[in-house]
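J.: this is the structure alone, sequence omitted:
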């Protein structure tokens, strides 16, 4: 059973969706395939995978792809997010959002939003956004109070 965040376990289809989209990741340069699935507050699940580019900075992380799918679907708030990587027998690395993705998640989530990630050995670890981005700069710093306020 995966770890919980504030007594929250991942939505039943969140891990399956992240694992399913993982196979679509385009990572010919790093070979580090990542899949992400977001449970929006609207109850829908939005998926994304990483997409690399020969001009390295132009690639896109799985979390950013899933956020774009969520916004395109008309939802502006993340209830939960799950991030997985392709595991190998010798791979013991944990996958977690990079700094840029933590900031992107912050745009559409609250500090107590659960983030589930593949830990070492493939087990699921859980964090809150506030734990991963403790001193966040966000819309509240620009006078925006509510998620979804345009």
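T.: Thanks, I have the structure now. These numbers were taken from a predicted model, which means no experiment stands behind them.
J.: C-alpha only now, for contacts and for neighbours.
T.: Will do.
J.: centroid residue for this protein?
T.: When CA atoms, centre = their mean is applied to the chain, the residue found nearest the centroid is residue 63 (4.1 Å).
J.: for that one, give me its contacts.
T.: 35-37, 48-50, 83, 97, 101, 105 (CA atoms under 8 Å, 6 or more residues apart in numbering).
J.: helix, strand or coil for it?
T.: Three-state call for residue 63 (DSSP: H, G, I helix; E, B strand; the rest coil): helix.
J.: repeat that for the one 3 residues further on.
T.: Local secondary structure at residue 66 is given as helix here, using three-state DSSP.
J.: quick one, helices of the chain?
T.: 14-22, 62-72, 99-108, 129-132 (DSSP state H).
J.: between the contacts of residue 63, which sits nearest residue 121?
T.: The nearest member of the contacts of residue 63 to residue 121, counting by CA to CA, is residue 83 at 14.4 Å.
J.: where does pLDDT dip in the protein?
T.: 1-7, 88-92, 145-150 (pLDDT under 70).
J.: if we go to 50?
T.: Scanning the chain for pLDDT under 50 picks out 1-4.
J.: strands along that one, start to end?
T.: In the chain, the strands defined using DSSP state E lie at 34-40, 45-49, 78-85, 114-118, 124-128.
J.: now the longest one against strand 45-49, angle please.
T.: Using axes from the mean of the first three to the mean of the last three CA atoms, to 10 degrees, the inter-axis angle of strand 78-85 relative to strand 45-49 is 30 degrees.
J.: what comes into contact with strand 78-85?
T.: 10-11, 14-15, 18-19, 22, 32-41, 62-63, 95-97, 105, 108-109, 113-118.
J.: generate a ChimeraX selection restricted to the buried entries among these.
T.: Remark: buried members of the contacts of strand 78-85, expressed as a ChimeraX selection using 16 or more other CA atoms under 10 Å:
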select :10,11,14,15,18,19,22,33,34,35,36,37,38,39,40,62,63,95,96,97,105,108,109,113,114,115,116,117,118
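J.: residues contacting the residue nearest to residue 82 when sequence neighbours are not counted?
T.: Closest residue to residue 82 apart from its sequence neighbours, by CA to CA, 6 or more residues apart in numbering: residue 116 at 4.6 Å. Residues near residue 116 by CA under 8 Å, 6+ apart: 10, 80-83, 124-127.
J.: right, I'll call it a day here.
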